[in-house]
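Asks: Model the structure of this input:
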Amino acid sequence: MPDRPIYAMFRHPDGSWYRLWITHATPKTERGHAWHLHATYDKSGTLAPVAGTDWYTQPYGMANWDFDTLAEALAAFRARAAERLRHGYELREGTIPAPEPDSA
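Replies: As a prediction, this is how the structure comes out:
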C-alpha cells in the first residue's frame, strides 16, 4: 500500500461533486483483485458530502472497479480525474498522483 491514501474530491460550479479513492485488499479467491478504485458523486448538487470524515477509507463507493495492480488502479484514477477536470470540476481535496516517468 502507498505511504499515503490516494484520493481526490472534485466540485463543480453547479454544486455537484465527485470523489475518487483507491483501496487495497487481500483477495479472498484466486479470481479476486487486490486494488480497487471507488467513486461517489452527486450530479444534482442536492446532497452535501459529509465533511470531516475519512471517506477515502470506505471499502465501497457508488461505483467500484477492480484491478490486479496498483499501476492499473492509478491509471484509471488519473483518467477519471482528468475527465472531471475537462468537465469543469475543480480539485478541492486530495491529489492526482503524477504518472511514473517510464509510464507516461
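
Asks: thought His36 was touching His24?
Replies: Yes. At 7.5 Å, His36 counts as touching His24 under the criterion of Cβ atoms under 8 Å. For the C-beta atoms, the positions are set from N, CA and C on the backbone; glycine is no exception.

Asks: Compare the two (neighbour count), which wins?
Replies: The neighbour count for His36 versus His24, taken as other Cβ atoms under 10 Å, is higher for His36 (18 against 13).

Asks: Can you name the residues that contact the more buried one?
Replies: 22-25, 59, 64-67, 73 (Cβ atoms under 8 Å, 6 or more residues apart in numbering).

Asks: can you rerun that using 6 Å?
Replies: Contacts of His36 were listed using Cβ atoms under 6 Å, 6 or more residues apart in numbering, and they are 23, 66.

Asks: Please apply the same query to Ile96.
Replies: 8, 81 are the contacts of Ile96 under Cβ under 6 Å, 6+ apart.

Asks: try 8 Å this time
Replies: When contacts are counted by Cβ under 8 Å, 6+ apart, Ile96 is found next to 8, 77-78, 81-82.

Asks: just the buried members of those residues?
Replies: By the neighbour-count criterion of 16 or more other Cβ atoms under 10 Å, the contacts of Ile96 include these buried positions: 8, 77-78, 81.

Asks: circling back: so which of the contacts of Ile96 are in helices?
Replies: When these are checked against helices (DSSP state H), the matches are 77-78, 81-82.
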